[in-house]
Each structure stands twice: as structure tokens, then as C-alpha cells.
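Novice: Sharing a model prediction with you, sequence too.
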Amino acid sequence: MGVSAWVNYQVIQIVATRENISVHMLLAYVFAHEIAHLLVAVHEPAGVMHDCWGSLDLRRLERVYLKFDKKERAQIRAEVQARMQLRKSTEQ
């Protein structure tokens, strides 16, 4: 589980321009990828958690076909729920 995340907006702009995709869409996916690292997720062979998106991944991203897989969704959901429970218990 991570404790910090880093996103380089200039690199996102360069990649989006080179691949002719939306900067905003790419930025949203990069944020989703990094936030997932902060929760529990590790790099996977494909999807949002792929460690190195290629042109095909970026085409899928633009069509909103790049997603978290079932295991990743379950891990992220469980971690968010655990953190919510911990927060509730500390507030009482």
C-alpha cells in the first residue's frame, strides 16, 4: 500500500497530444491508477493497473474500455470499506 502518489501533468499532455486522445480522460485514468496504488492495487498485465500503457491501452482508455478487473474492484472496495469502518470506530 502506498503513502504518496506522483502525477506529471506535462507528461500527460505530451502523451495525450502524441496519441490524439483527451488530456482530461488520460489524467482521470492516471489519477485512478495512482489512487488504486494508494489503496491496495499492484501492477497487473492489463487494464487500468497495467504498468506501462501502450497505444492499444490508450485507444481503449479513450473509448472507456480500460477498466479495473473484478479482482482489483473487489480489493479496492474492501480497502475503502475497511478504512470507512476504521474512521467510524475512531469517531465514536
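Specialist: Received, thanks.
Novice: Centre-most residue in the chain?
Specialist: residue 33 (1.6 Å; Cα atoms, centre = their mean).
Novice: Tell me the spacing between the nearest residue to that one once chain neighbours are set aside and residue 91.
Specialist: In space, not counting the residues next to it along the chain, residue 33 is nearest to residue 48; the distance is 5.5 Å by Cβ to Cβ, 6 or more residues apart in numbering. Bear in mind the C-beta positions are built from the backbone N, C-alpha and C, glycine included. Distance, residue 48 to residue 91, by Cβ to Cβ, to the nearest Å: 31 Å.
Novice: Have a look at these two and say which one is more surrounded.
Specialist: Set side by side, residue 48 and residue 91 show unequal neighbour counts under other Cβ atoms under 10 Å, the larger going to residue 48 at 21 against 6.
Novice: what's near enough to touch that one?
Specialist: 29, 32-33, 36, 66-68, 72 (Cβ atoms under 8 Å, 6 or more residues apart in numbering).
Novice: Which of these fall within helices?
Specialist: Cross-referencing the contacts of residue 48 against helices under DSSP state H gives 29, 32-33, 36, 72.
Novice: from those residues, which single one is nearest residue 6?
Specialist: For those, the residue nearest residue 6 by Cβ to Cβ is residue 33; the value is 11.5 Å.
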